[in-house]
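Asker: Mind folding the following:
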Amino acid sequence: MQFLHLLQLYTPPSATMPEAPKLPQHLSTNDYNLTLKNKKTLQFIEDVTSNPDQVQQRVLSEILTQNATVEYLKRHGLTGQIDRDTFKKLIPVITYDDLLPDITRIANGDQSPILSSRPISEFLTRHDNIFWERKLMPTIEDELERRSLLYSLLMPVMNQFVPGLDKGKGMYFLFIKSESKTPGGLVARPVLTSYYKSPHFKHRPYDPYTNYTSPNESILCPDSYQSMYSQMLCGLCLNEEVLRVGAVFASGFIRAIQFLKKNWTLLCHDIRTGILNSAITDASVREAVMRVLKPDPKLADFIEFECSKKSWQGIITRVWPNTKYIDVIVTGTMSQYIPTLDYYGNGLPLVCTMYASSECYFGVNLNPLCKPSEVSYTLIPTMGYFEFLPVHRENGPIAMPKSLTEKEQQKLMDLADVKMGQEYELVVTTYAGLYRYRVGDVLRVAGFKNKSPQFNFICRKNVALSIDSDKTDEVELHKAVENAVNHLMPFDTTLTEYTSYADTTTIPGHYVIIWELSLNETTPIPPSVFEDCCLTIEESLNSVYRQGRASDKSIGPLEIKIVENGTFDKLMDYAISLGASINQYKTPRCVKFAPIVELLNSRVVSSYFSPKCPKWVPGHKQWGNVN
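Answerer: From the prediction side, this is the model:
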């Protein structure tokens with residue numbers, strides 16, 4: 001999804017803040033000096049990371065100057081002051097619930113400067129994977145420029161590690177979601193839909209780094225089947241030119257490969273005949289695809305030969321032989337897809353290029369060929385004003401209160417002051433009207449680029465299972481599941497997808513883990529193996545959980561439910577029907593929404609319980625048990 005936009009010749013940094021590198025808009029191919037542009041872009045990164053605190057102070061000053069008259073700041077006593085100390089003293093650290101009354105006013109049509117002096121141009125939607133709740137993030141037109149800037153940094157960085165990417169195409173599976181409108185008439189849509197529908201993307205100037213196999217018409221097609229089919233078909237037609245492949249998330253790219261697995265005969269027929277399948281009814285898509293599709297029996301035979309093989313190992317390098325890497329997010333819970341990507345990609349590098357959210361675009365990966373487990377992002381200090389709330393996990397999962405005391409708010413640190421190895425919750429102030437807003441992401445300082453910290457993404461906060469006093473976070477659950485699936489390896493069985501929920505209908509309540517498996521049906525798995533998986537998960541969880549199981553008896557035995565193949569596709573379809581974006585969808589690792597739990601339980605084929613309590617040793621002397 002790399003996009004290089006409006007580069008302007010770089011000027012040396014002033015005493016205040018470096019300018020983003022740019023080039024004039026209307027350049028011909030011959031005028032496009034890629035080497036110069038790359039050099040200017042990399043120099044920009046060097047400059048802003050060399051003086052992050054200076055840049056951050058300037059950003060905060062610009063935000064507060066631009067929004068000096070807004071109601072929200074005045075409400076908290078900020079009446080034109082733009083210095084950092086006053087800002088931190090007067091403005092509280094907030095969550096979405098704190099902002100909801102103001103968001104509601106804007107959504108209902110109040111056009112007064114509540115959060116931003118600039119008009120709110122639209123809302124960007126974000127879905128909470130626990131409750132399937134849609135959150136509306138305000139944005140302004142200027143933010144598109146900032147997002148485009150971050151995209152423009154990606155390929156010059158990548159070019160240092162994989163040169164020559166301008167000589168071919170990128171095959172990226174990108175999708176939009178149909179938008180809705182608030183009562184006041186503002187558009188509400190996912191951030192990537194907003195970006196793909198913007199002139200910044202649709203009318204982007206010539207750039208060899210945004211030379212995609214997918215026509216804009218296919219990306220912008222609201223019908224997900226027609227969009228996927230036409231993007232895959234064009235990618236196949238141009239297979240020799242493809243140098244990199246990807247999607248936003250690993251799950252989305254794997255879904256594209258599964259689509260190819262189900263539809264390669266139809267796609268080959270189109271390539272063989274040069275006639276597009278009649279199921280593609282969108283006129284603009286048909287016209288765009290027909291500019292690419294020509295009768296090519298030789299290519300059809302080649303694809304048919306590769307796709308009809310029993311094994312799909314290395315299918316990406318077999319069908320797209322010049323591919324250099326796979327560009328997808330594989331951090332956080334997406335890491336579970338790494339083995340599948342390695343299988344399909346024959347060990348191609350897995351590249352995570354950027355870190356962004358609906359609230360703000362944050363940073364880039366300056367070492368893109370690193371191992372997925374070592375991915376770190378350098379926050380670009382011009383994107384917004386960043387603060388960091390220290391997180392202390394100690395022996396258990398992440399626990400972060402919804403509201404902070406005045407003392408806790410004083411502990412927030414600036415970008416230039418974070419400490420190596422420490423974990424923080426990210427807090428952001430944006431040009432669009434978020435002030436000291438808790439994004440909900442937990443990051444760990446992994447190193448530094450010049451004076452700017454680089455962060456590992458750890459998890460989203462508050463994605464947790466809980467029965468009693470126990471709290472299991474997403475990272476802990478994922479590691480426990482990884483440990484358990486080792487029991488399945490001798491049976492040539494892999495875990496396709498998983499989620500979980502806390503079942504409080506039993507007394508005591510217990511954790512339920514939902515597994516969808518890829519089975520070798522010739523080797524049945526004994527029930528005892530699944531019971532061992534249950535116990536392994538419990539053994540891998542924190543001491544509070546194990547105490548509840550083994551000593552307090554406040555938690556019942558953990559249960560694993562095996563569901564039919566295709567269940568998690570149904571789950572995604574249901575989420576999309578509720579308004580989730582196919583582009584941003586991630587399988588929730590914990591669910592609480594009753595219809596989702598019912599859907600999962602309706603497709604269970606077998607279930608297993610932990611056969612005994614996990615080991616637990618008290619961490620301190622238990623009063624009252626002294627002999």
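Asker: which SSE is G421 in?
Answerer: Using DSSP states H and E, G421 sits within no helix or strand.
Asker: mind listing the strands in the stretch 151-300 of the chain by residue range?
Answerer: Under the criterion DSSP state E, counting those that start in this stretch, the stretch 151-300 of the chain contains strands at 169-172, 180-181, 187-190, 242-249.
Asker: Rounded mean pLDDT for the first one, please.
Answerer: Right, strand 169-172. Mean pLDDT, computed over strand 169-172, is 92.
Asker: do the second one as well
Answerer: Rounded to a whole number, the mean pLDDT of strand 180-181 is 82.
Asker: Show me what that strand is in contact with.
Answerer: Under the criterion Cβ atoms under 8 Å, 6 or more residues apart in numbering, residues 187-189, 579 lie in contact with strand 180-181. The way it works is simple: take the backbone N, C-alpha and C, and place the C-beta from them, glycine included.
Asker: Please report phi then psi for T430.
Answerer: When quoted as degrees, to the nearest 10, the phi and psi of T430 stand at phi -120, psi 160.
Asker: Now do the contacts for it.
Answerer: T430 neighbours (Cβ under 8 Å, 6+ apart): 63, 143, 359-360, 384-385, 437.
Asker: what pLDDT, on average, does the longest helix seen in the chain get?
Answerer: Using DSSP state H, we find that the single longest helix of the chain is helix 250-273. Mean pLDDT, computed over helix 250-273, is 90.
Asker: and that helix, what does it pack onto?
Answerer: On a contact count with 3 or more Cβ pairs under 8 Å, 6 or more residues apart in numbering; DSSP states H and E, helix 250-273 meets helix 224-237, strand 242-249, helix 297-307, helix 315-319, strand 325-329, helix 338-345.
Asker: looking at those, which is closest to C352?
Answerer: Taking Cβ to Cβ, strand 325-329 is the member of those nearest to C352, at 5.4 Å.
Asker: partners of the closest one in the sheet?
Answerer: Strand pairing for strand 325-329, determined by DSSP bridges: strand 242-249 (parallel), strand 350-351 (parallel).
Asker: how many neighbours does the closest residue to L99 other than its chain neighbours have?
Answerer: Leaving aside its sequence neighbours, L99 sits nearest to Y437 (Cβ to Cβ, 6 or more residues apart in numbering; 7.1 Å). The number of residues packed near Y437 is 23, by other Cβ atoms under 10 Å.
Asker: Beta-bridge partners for Y437, please?
Answerer: I94, V428.
Asker: can you tell me how far it sits from Y585?
Answerer: Per Cβ to Cβ, to the nearest Å, Y437 is found 23 Å from Y585.
Asker: for the least confident helix or strand in the chain by mean pLDDT, packing partners?
Answerer: Lowest on mean pLDDT, DSSP states H and E among the helices and strands of the chain sits helix 406-409, with a mean of 71. Helices and strands touching helix 406-409, by 3+ Cβ pairs under 8 Å, 6+ apart: there are none.
Asker: And that helix, how far out from the chain middle?
Answerer: 30 Å (Cα atoms, centre = their mean, to the nearest Å).
Asker: next one: stretch 512-526
Answerer: 28 Å.
Asker: and that stretch, what's its mean pLDDT?
Answerer: Averaging pLDDT along stretch 512-526 gives 86.
Asker: which residues sit against that stretch?
Answerer: By Cβ under 8 Å, 6+ apart, stretch 512-526 touches 481, 488, 491-503, 534, 537, 558-568, 600, 604.
Asker: As a markdown table, the strands of the stretch 151-300 of the chain with distance to I106 would be great.
Answerer: Listed next are the strands of the stretch 151-300 of the chain as a markdown table, based on distance: least, Cβ to Cβ, whole Å:
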| stretch | distance to I106 |
| --- | --- |
| strand 169-172 | 33 |
| strand 180-181 | 13 |
| strand 187-190 | 11 |
| strand 242-249 | 27 |
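Asker: right, and the ones you listed - which one's nearest F87?
Answerer: Here strand 187-190 is closest among the strands of the stretch 151-300 of the chain (Cβ to Cβ), at 29.1 Å.
Asker: Tell me which strands that closest one pairs with, and in which orientation.
Answerer: Sheet pairing of strand 187-190 (DSSP bridges) gives strand 122-128 (parallel), strand 180-181 (antiparallel).
Asker: Serialize the ones you listed to JSON lines and add fields for mean neighbour count and distance to V391.
Answerer: Output for those, formatted as JSON lines (neighbours: other Cβ atoms under 10 Å; distance: least, Cβ to Cβ, whole Å):
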{"stretch": "strand 122-128", "mean neighbour count": "22", "distance to V391": "19"}
{"stretch": "strand 180-181", "mean neighbour count": "13", "distance to V391": "35"}
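Asker: Save the helices and strands packed on helix 250-273 as CSV, and put in mean neighbour count too.
Answerer: Listed next are the helices and strands packed on helix 250-273 as CSV, based on neighbours: other Cβ atoms under 10 Å:
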stretch, mean neighbour count
helix 224-237, 22
strand 242-249, 24
helix 297-307, 16
helix 315-319, 20
strand 325-329, 24
helix 338-345, 18
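Asker: Turn the ones you listed into TSV, including distance to N520.
Answerer: Shown next, in TSV, are those (distance: least, Cβ to Cβ, whole Å):
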stretch	distance to N520
helix 224-237	28
strand 242-249	27
helix 297-307	21
helix 315-319	19
strand 325-329	26
helix 338-345	15
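Asker: Where does L144 sit, in terms of helix or strand?
Answerer: Per DSSP H and E: helix 142-159 holds L144.
Asker: and that helix, C-alpha only, in CSV?
Answerer: The C-alpha trace of helix 142-159 is given here as CSV (Å, rounded to 0.1, in the frame of the first residue of the first chain):
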residue,chain,number,x,y,z
ASP,A,142,-5.2,18.4,6.1
GLU,A,143,-4.7,14.9,7.6
LEU,A,144,-4.8,13.4,4.1
GLU,A,145,-1.6,15.3,3.4
ARG,A,146,0.0,13.9,6.6
ARG,A,147,-1.0,10.3,5.8
SER,A,148,0.4,10.8,2.2
LEU,A,149,3.7,12.0,3.7
LEU,A,150,4.1,8.8,5.8
TYR,A,151,3.4,6.6,2.7
SER,A,152,6.0,8.6,0.8
LEU,A,153,8.7,7.5,3.3
LEU,A,154,8.2,3.8,2.8
MET,A,155,9.7,3.0,-0.5
PRO,A,156,12.8,5.1,-0.3
VAL,A,157,13.5,3.2,2.9
MET,A,158,12.7,-0.1,1.2
ASN,A,159,14.9,0.8,-1.7
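Asker: in the stretch 351-500 of the chain, which segments are predicted with low confidence?
Answerer: 393-403, 460-464, 468-470 (pLDDT under 70).
Asker: Going along the chain, name the strands of it.
Answerer: 354-356, 361-364, 377-379, 385-391, 413-414, 423-429, 437-449, 452-460, 464-465, 472-473, 494-503.
Asker: which one of those strands lies closest to E46?
Answerer: strand 437-449 (8.7 Å).
Asker: Which elements pack onto the closest one?
Answerer: Secondary-structure packing of strand 437-449 (3+ Cβ pairs under 8 Å, 6+ apart): strand 385-391, strand 423-429, strand 452-460.
Asker: Out of those strands, which is closest to C307?
Answerer: Nearest of these (Cβ to Cβ): strand 452-460, 34.6 Å.
Asker: and the angle from the closest one to strand 325-329?
Answerer: 70 degrees (axes from the mean of the first three to the mean of the last three Cα atoms, to 10 degrees).
Asker: Would you mind listing the buried residues in strand 452-460?
Answerer: 452-460 (16 or more other Cβ atoms under 10 Å).
Asker: which other residues reach it?
Answerer: 48-50, 52, 129, 331-333, 355, 363, 366, 374-379, 381, 398, 415-416, 418, 423, 440-448, 473-475.
Asker: Drop anything exposed from those residues.
Answerer: The neighbour-count test (16+ other Cβ under 10 Å) marks 48-49, 52, 129, 331-333, 355, 363, 366, 375-379, 381, 398, 415-416, 418, 423, 440-448, 473-475 as buried among these.
Asker: Apply the buried test to the contacts of stretch 512-526 and list what passes.
Answerer: Using 16+ other Cβ under 10 Å, the buried ones in the contacts of stretch 512-526 are 481, 488, 491, 493, 495-503, 534, 537, 558-563, 567-568, 600.
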